[in-house]
Every structure is written in structure tokens, then in C-alpha cells.
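**Student:** Sequence and predicted model, in that order:
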Amino acid sequence: MKHIIFGAVGVLLFSASVIAEKTALVGGRLIDGFGHHPLANSVILVEDGIIRAVGQQGALAVPDDFTVVSTEGMDVLPGLWENHAHLMLNGHADYPHWHEAYADRFADEIMPASALQLLLAGITSTRDLGAPLDASVSLKQAIENGELAGPTVYISGPFIQAEPYPGTEAYRWGVSTEQQAVEKVNTLADAGVDIIKLIDHDKMPLRVAKKVVQQAHARGLKVVGHSHRPDEIRVGIEIGIDNFEHTGLTTAPEYPDDVMALLKERTATGRVAGGPLYWTPTVEGLWNYENTVANPEKLDNTCWHRGLKKDTIADIKQSLSAPGQLDYMQLTPLRKPTLKRKFQQLKDAGVVLLVGTDSGIPTKFHCQSTWNELAVWVEQMSMSPMDTIRAATYWPAVMMGVQDKVGTVSPGKAADIIAVKGDVLRYINLLQDVDMVMKNGTLYKLNGQVREEAIP
């Protein structure tokens, strides 16, 4: 068998042409996504992008024609999911300027750069919730065809809402009648979206909002809905939304009692109501904003430059020159004290939590957002590391109905696998520097270094 060798200073020593069709990941501790006790000294056999076998050294032999990649001293995990990304955004603080200046760059520069940054951060699957339809479909197809490197992208295309905000019509579609609801959902489904996104559904006539969800479900698509206002949650539960996003835009200290009663009633129905009720709280950007203002060095990390043009990078930097003065964030310090209570309420209600971040909004870069969210859940929100990892691996795959393909490191699944040096169940922050990224059997990052030859 062939071996990939590491030098004493951590430099990878092997031919740049090696992209093995048969790879064995050998030696690391496997956290497979199922939530059970990790498997020490693991062996994972990957052939043609699929996991063929999982076992332990001494029990599962590595065939002679497999190339061995050592994962000794590492924790090995399923590739992470980012469940609430905005690939048409890259952290710029001025939305009106961004949408006017970069709309014609979304498909060719911005979204491909966002996708690549996510992949190199260990994100092998992402839900892109809100972007122009043509650009979304173009990105999805280019990644599927191997023309671009990025996570598997599950797209919503444009938001559906009662009335688009002025200047946002390219990625927000208004719906005011049942006929429009059917037409818009069908247009999105026919274009190949994977999920429907609703916002301001409490401002629609109830029959119209319900028709959006009914038609989405008839087309085999799940529906995510914002939870900015209590009425969005109340209406969302009534019409059958599958996955709520965020924790509200206001400073309300907790969810109202009647909302909690509705959530508990919904989670008690389980499969009868179509499965678990999912929730993506997106808390990290709110929790860490004051830390970013106090120490903005994270904004200078060049990881978010990859794939962007020089003038784009300069424009983003300029927009973030005074992060404490951003209009977008002025209410954030008042919202932070509400987060622990709301997060706990959601846990107590029995919803299934998913890791997602609103990645791409002001100050939030795709190469940082997801691991920051994981860290806040573990360090501040009293979630165990194992449950947090499952919320970023197993449960998103179940929610999207692709658990037979991804979400765990197990035979028959796509070889979407990451590895990090050290004990991630004790130190979740190790995920800020993923050492190995494999997607569909291709190694995009190894020993902490990007394999440039693997990127189209």
C-alpha cells in the first residue's frame, strides 16, 4: 500500500498529482455522528468517493491498493453542515451598497468564493437561504459538476414573503394570493431548489401562507421560516413550517407562554406531524458582537479573502473599519442577555436544534462563522460537545432527507470527512483550524494545508 508521510515540521511530502481513488484514513479517534462512544484507532476505507468500511486497526485490514492517510492524534468527524448561510454576502456592513455594486458579481465571484471558504473551514454541506435564483442554480450545478470546489449546496433561491422590501426583488418574491403561492413555489421547484424559505408569513393572509407550505410539501420540499416575531412562530406552527430560523429580532427576554405551549404540543406529535420540529437559532453573531468590537482582529484574518477580487476585499474592509458603529448591530448588545433564556426554552420545548449562523451578514465571514457557533453552544449555552456536533452533522442530514447519503461516517455514505488534531470533545475551539477536509473522497486540505491542485 501507498503511504502519505508527514515531515518533522508538519510539511506534507507527497506528489501533488496524488488524488487517490482508494484511500484509507488510519489511526484517529472517530466521532461518527451517531452520538455513541467514539471509536479509537479507527480505519476508514474510502473508494470512489464512498465510505466502504469502518473499523479499527487490528480488526479491519487495509488492502494493498489503498493509499494510507494517517489520522494519528486526530479526531475524525463527518463533514460539518452550515444550515443558514448567505453565499451572496461576504460580511460587508452596507447592504444597499453591496446589492447594488455586486449583484452582477454574485454568480462569478461572490458565491463561488463563499462556497470555497466554507469548504476549507470543514463545511461539506450548506443550506444557502436566500439569493437570486439563477445565481443559486448556477453555483449548485457548478459544484455538482466539479467545475467549482465547495460544499454540497442546498438552495432556497429567493425568499417568499408578503411583499419584498424595496430594492430586494431579485432575491425576495412577493406572494399575496393562493395562485401566486402555487406559481412561485412551482417556479422554484422546477428550477431545482432544495428548500423553500418563508419570511413575514404572519403578514400574509393565512390561507396564502398555508398554500405556500402545502405546495412545497406537495413538491417534496421542506419549508424554513423566520421566527422574528411571536406571530411568525404562531402562524408557522399552524401552517406546518418544518424548521424555524433565528431567535427573534427584538429585546424580548423570552418567548411568550402561549408560543411555548404551541411548541411543546407540536414536538409531542413527532412523526404524526411529519417528523421533528427543527430550529436553527443562529446565536453566535449576537453573542460575540461586543467581543468583536473590543478586539476586531478576527476581521483581519485573511481566510475570507480567498476567491475575492482585490477591490472587493478593500470594499469589505472599509465597511468594517468601525465595527462598533454599524447601524445593523446597534440593538445587538440589548439582545445578547436574552439568548441563553431563549436557547434554553427551545431545548426545553424539545425542538431539534441545528447549527447555522447567518454566515455572510456584517462581520460574519464564512471561514469563521460555523466553528464560532459551535463554540458558543458548548461554552455558553450548556450544550454538550457531542450533541453540538450532531446538530452540525447528523440532524441536518435527517432534516433535509439525505441521511442515507451524508451526515455520519458510516459505510455507504459519501466520504465527507474532516479531522482535527487534538480532543474536540474537550476543546471544541480546535475546529477553528481543521487539519483535514475530504469531500466525496477528494482531499481539499491535509495537515492544515490547502491542496491547491484539488481546487478547479
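**Tutor:** Okay, I see it. Only a predicted model underlies this, so the values are computations on that prediction, with no experimental measurement involved. Numbering: from 1, shown residues only.
**Student:** Surely residue 405 is in contact with residue 414?
**Tutor:** Yes: with contact defined as Cβ atoms under 8 Å, residue 405 and residue 414 form a contacting pair (5.6 Å). Where you see a C-beta, it was placed from the backbone N, CA and C, and this is true even at glycine.
**Student:** ranges for the strands of the stretch 201-350 of the chain?
**Tutor:** Secondary structure of the stretch 201-350 of the chain (DSSP state E, counting those that start in this stretch): strands at 222-226, 243-245, 278-280.
**Student:** Quickly run through the sheet partners of the longest one, with directions.
**Tutor:** Here strand 222-226 is paired, per DSSP bridges, with strand 195-199 (parallel), strand 243-245 (parallel).
**Student:** Mean pLDDT and distance to residue 350 for those - can I get that in a markdown table?
**Tutor:** Formatted as a markdown table, these follow (pLDDT from 0 to 100; distance: least, Cβ to Cβ, whole Å):
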| stretch | mean pLDDT | distance to residue 350 |
| --- | --- | --- |
| strand 195-199 | 98 | 22 |
| strand 243-245 | 98 | 13 |
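**Student:** okay if I get these as a markdown table plus distance to residue 95?
**Tutor:** Output for the strands paired with strand 222-226, formatted as a markdown table (distance: least, Cβ to Cβ, whole Å):
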| stretch | distance to residue 95 |
| --- | --- |
| strand 195-199 | 15 |
| strand 243-245 | 18 |
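**Student:** Using JSON lines, please lay out those strands together with distance to residue 385 and mean neighbour count.
**Tutor:** Shown next, in JSON lines, are the strands paired with strand 222-226 (distance: least, Cβ to Cβ, whole Å; neighbours: other Cβ atoms under 10 Å):
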{"stretch": "strand 195-199", "distance to residue 385": "28", "mean neighbour count": "25"}
{"stretch": "strand 243-245", "distance to residue 385": "23", "mean neighbour count": "26"}
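**Student:** Of all those strands, which one is nearest residue 188?
**Tutor:** strand 195-199 (6.5 Å; Cβ to Cβ).
**Student:** chain center to that closest one: distance?
**Tutor:** Taking Cα atoms, centre = their mean, to the nearest Å, the mean C-alpha location of strand 195-199 is offset from the chain mean by 16 Å.
**Student:** contact partners of that strand?
**Tutor:** 127, 129-130, 154-156, 159-161, 172, 185, 188, 209, 212-213, 216, 221-226, 228, 232, 236, 241, 400 (Cβ atoms under 8 Å, 6 or more residues apart in numbering).
**Student:** go with 6 Å
**Tutor:** Outside strand 195-199, the residues that touch it by Cβ atoms under 6 Å, 6 or more residues apart in numbering are 129-130, 154, 156, 159-161, 216, 221-226.
**Student:** and what of stretch 33-51?
**Tutor:** Residues from elsewhere that reach stretch 33-51 (Cβ under 6 Å, 6+ apart): 21-26, 28-31, 52-57, 60, 78, 386, 390, 393-394, 407-408, 411, 413, 415, 440-441.
**Student:** Any idea what residue 29 is bridged to?
**Tutor:** Residues in a beta bridge with residue 29, per DSSP bridges, are residue 75.
**Student:** Do a quick rundown of the helices in this structure.
**Tutor:** For the chain, helices defined by DSSP state H occupy the ranges 95-102, 111-120, 133-144, 178-191, 206-218, 230-239, 257-269, 284-294, 310-319, 332-335, 339-349, 369-379, 385-391, 394-399.
**Student:** is it possible to export the ones you listed to TSV including mean pLDDT, distance to residue 251 and mean neighbour count?
**Tutor:** Converted to TSV, the helices of the chain look like this (pLDDT from 0 to 100; distance: least, Cβ to Cβ, whole Å; neighbours: other Cβ atoms under 10 Å):
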stretch	mean pLDDT	distance to residue 251	mean neighbour count
helix 95-102	95	22	15
helix 111-120	98	30	26
helix 133-144	98	33	20
helix 178-191	98	33	17
helix 206-218	98	26	20
helix 230-239	97	13	20
helix 257-269	96	16	15
helix 284-294	95	11	19
helix 310-319	98	25	15
helix 332-335	92	5	16
helix 339-349	97	11	17
helix 369-379	98	19	24
helix 385-391	98	26	21
helix 394-399	98	29	22
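**Student:** Output those in TSV; the columns should cover distance to residue 422.
**Tutor:** Formatted as TSV, these follow (distance: least, Cβ to Cβ, whole Å):
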stretch	distance to residue 422
helix 95-102	37
helix 111-120	19
helix 133-144	30
helix 178-191	42
helix 206-218	42
helix 230-239	39
helix 257-269	35
helix 284-294	21
helix 310-319	31
helix 332-335	32
helix 339-349	26
helix 369-379	14
helix 385-391	12
helix 394-399	22
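**Student:** Many thanks, we can stop here.
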